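Participant: here is my input, please return the structure:
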Amino acid sequence: MLTSSFCFLCTELERRAKLLNEEDDAGKEEEEEEEESNTPTYDFRINTAKILVELEEPQKASQVLEMLLAEDDEVVEIWYLLGYVYVLLKERKAAEETLKKAKKVRTGVLPSLPLLD
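Facilitator: Predicted coordinates for the structure are as follows:
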């Protein structure tokens, strides 16, 4: 039952992403406001991806994480989780590239600190 709920969520998120890509520019602002009010929060979707990983659904987790990156590609946690998912999917090259990006984003967020004497 729990898996079917998350399958529904993933399908719904995919459907909404597709709709957003297909929308015309005319009246887009009004439609976006309506869509935004129905879209789960960013944190909810991060947690959904984590749960999908725990449920051994890495393919679905990757879809959610990729949509989150499309919204904001400066969130280290998303890059890290996606790299981990690629490891689970045995996509070594994608995992390496994604984890390198996570490190690069993290370095930009957390500047190097001088060593304490």
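Participant: show me the contacts for the residue lying closest to residue 66 once chain neighbours are set aside.
Facilitator: Leaving out its chain neighbours, the residue that sits closest to residue 66 by Cβ to Cβ, 6 or more residues apart in numbering is residue 82, at 7.0 Å. C-beta coordinates here come from the backbone N, C-alpha and C atoms, glycine included. By Cβ atoms under 8 Å, 6 or more residues apart in numbering, the contact set of residue 82 is 62, 65, 66, 69, 98.
Participant: by contact count, what packs against whichever strand or helix holds residue 103?
Facilitator: Following DSSP states H and E, one finds residue 103 within helix 92-109. For helix 92-109, the elements it packs on are helix 76-88, judged by 3 or more Cβ pairs under 8 Å, 6 or more residues apart in numbering; DSSP states H and E.
Participant: now do the helices in this structure.
Facilitator: 2-22, 28-38, 42-54, 58-71, 76-88, 92-109 (DSSP state H).
Participant: what is the burial count for residue 64?
Facilitator: 28 (other Cβ atoms under 10 Å).
Participant: just checking, it touches residue 45?
Facilitator: Yes. Counting by Cβ atoms under 8 Å, residue 64 sits close enough to residue 45 to count as a contact (5.8 Å).
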